[in-house]
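Pasting the sequence and the predicted coordinates here, then a few questions.
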Amino acid sequence: MLSLASSFVYALLTDRVLLVDFDDSMSGLFCEPFPDDATWLLPGDFTFKGRSNGEKFRGVYSLGNLLEKSEKKHDEEIAVQATALLYLYLSGDNNYDMLFYRDDTQKLLTNVPWLVLRSDQHFVPYFFVMPGFRAELDRLFPDKEAVFQHVGRYLFSPTNRVWGRVARFYDTYLAKAEQRIGLQVRVFYPDKTPASLMLPHILRCMQVVSATRSRTLKAVLVASLLEEFYTELKGGGGGVAAVGVYQTSHEGWQETGNGAHNVKALVDIYLLSMCDVLVTSHFSTFGYVAHSLAGLRPWYLQNPGDYEAKRNEPACVRAVSPEPCFHFHPYYDTNSANHGDAAGGGPAPVIMNCEDYEWGFKLANLKY
């Protein structure tokens, strides 16, 4: 959802049409976002449908490969303009693909009819660093802390299948509470940071966020692949006076490509976005979508590591902005003449380093 929203913003900025290549596991999640019987789905008989993951496709049509080869011959403009289709791989490798974020590269891409974009990143923040896009972005998004919220609420309307589950769960378990607290926990490295090691830390954070309205009847929604966090809070381990503690499902592990699993994940995202307070895992794109849709500044759980050494440190930190983090942005000045130069001049005034990942960038309404 993060990369899809970013791709939509890019399409707006460059006067392109957005088409998506959903596999079977993604069908039935979202309604068509565009009016007048228009569809955003790539036609089933499209030449390159389902082939963009192949190494051969990436090698032949890659923007990065083309720029790397043509740079040696000083004919980047000729090479790009002679191409009808290019593959943009924007998933964090700090290589020639990152030249996508240069204004001069964008000028070359205006002559390419088809762009196949693949990413797992929320790359909108870096558009605000690019002079060619900044003025239009300021007109589209005067509030820099509501970019994903506006785009996401437009693009991602759940189907009746998904929304029915959301509504039933909310009405049954969450509606009667005066305050709803959402807890989203992602265990990235179970061997290094098992649930048993994380639990005391999470419970400390829950006590902090629930203390602000101590007399309020609360409902706690736990979103996690694991059951342990729900069980501990359900037993009163968090010291949170709640109407109840609830969990929609606990799959045990992530099942990429499983449609039923994706439905359950999306249900959790929307339920979390309806909470009044959110506690989410650091670095979690799942959590980013939930709090950004809600427009809420979340509490980020402390970066997993040496929990014993961090027992006296804050268990969680409040975010400055609800916006998602762009984890793997270019580490050089993409708008300099030499793509290997160190970033000069610092980020744009609306960009800050992420609270949960100091090397990342995110949007915020900063005041200097």
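Alright, I've got the coordinates.

Next up, the contacts around residue 364.
Counting by CB atoms under 8 Å, 6 or more residues apart in numbering, residue 364 makes contact with 144, 145, 320, 321, 323, 350, 351, 352. Every C-beta, even on glycine, is put in place using the N, C-alpha and C of the backbone.

quick one: which of those residues is nearest to residue 69?
Nearest to residue 69 among these is residue 351, at 31.9 Å by CB to CB.

Could I get the phi/psi values of that closest one?
Residue 351 adopts backbone torsions of phi -110, psi 140, taken as degrees, to the nearest 10.

pretty sure it contacts residue 365?
No - taking contacts as CB atoms under 8 Å, residue 351 lies outside contact range of residue 365: 11.3 Å.

who wins for most neighbours among the contacts of residue 364?
residue 323 (29 neighbours; other CB atoms under 10 Å).

That one and residue 148 touch, don't they?
Yes - contact criterion CB under 8 Å: residue 323 and residue 148 qualify, at 5.9 Å.

hey, what's in contact with both of the two?
Common neighbours of residue 323 and residue 148 (CB under 8 Å, 6+ apart) are residue 292.

a markdown table please, covering the contacts of residue 364 and showing distance to residue 178 and pLDDT.
Output for the contacts of residue 364, formatted as a markdown table (distance: CB to CB, whole Å; pLDDT from 0 to 100):
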| residue | distance to residue 178 | pLDDT |
| --- | --- | --- |
| 144 | 31 | 97 |
| 145 | 26 | 98 |
| 320 | 27 | 97 |
| 321 | 27 | 98 |
| 323 | 28 | 99 |
| 350 | 35 | 94 |
| 351 | 37 | 93 |
| 352 | 33 | 94 |
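
In the stretch 1-150 of the chain, where is pLDDT below threshold?
For the stretch 1-150 of the chain, the stretches flagged by pLDDT under 70 are 50-57, 72-82, 93-94.

just so I have it, where are all the helices in it?
2-14, 55-61, 63-73, 76-81, 103-109, 124-127, 131-140, 147-155 (DSSP state H, counting those that start in this stretch).

Does anything pack onto the shortest one? Which helices or strands?
Pointing back at helix 124-127 there. Applying 3 or more CB pairs under 8 Å, 6 or more residues apart in numbering; DSSP states H and E, we find helix 124-127 packed against helix 2-14, helix 131-140, strand 361-363.

Quick one: closest of these to residue 265.
Of the helices and strands packed on helix 124-127, nearest to residue 265 by CB to CB is helix 2-14, at 13.5 Å.

Where do the domain boundaries of this structure fall?
2-154+327-363, 160-306 (automatic domain parsing).

highest average neighbour count across the ones you listed?
domain 160-306 (a mean of 18; mean count of other CB atoms under 10 Å).

circling back: adding distance to residue 315, write the domains of the chain out as TSV.
As requested, the domains of the chain are exported to TSV (distance: least, CB to CB, whole Å):
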stretch	distance to residue 315
domain 2-154+327-363	13
domain 160-306	4
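
so how far is residue 320 from the nearest residue to residue 300 once chain neighbours are set aside?
Leaving aside its sequence neighbours, residue 300 sits nearest to residue 356 (CB to CB, 6 or more residues apart in numbering; 4.2 Å). Separation of residue 356 from residue 320 (CB to CB, to the nearest Å) stands at 11 Å.

Likewise for residue 5?
Taken as CB to CB, the span from residue 5 to residue 320 is 20 Å.

and what of residue 172?
35 Å.

Likewise for residue 139?
24 Å.

Next: residue 145.
Residue 145 is 9 Å from residue 320, by CB to CB.

Which parts of this protein are strands?
Along the chain, counting by DSSP state E, strands occupy 85-89, 114-118, 179-185, 218-224, 242-246, 277-280, 299-301, 316-318, 351-353, 361-363.

so which of those strands gets nearest residue 266?
Per CB to CB, nearest to residue 266 of the strands of the chain: strand 218-224, 11.2 Å.
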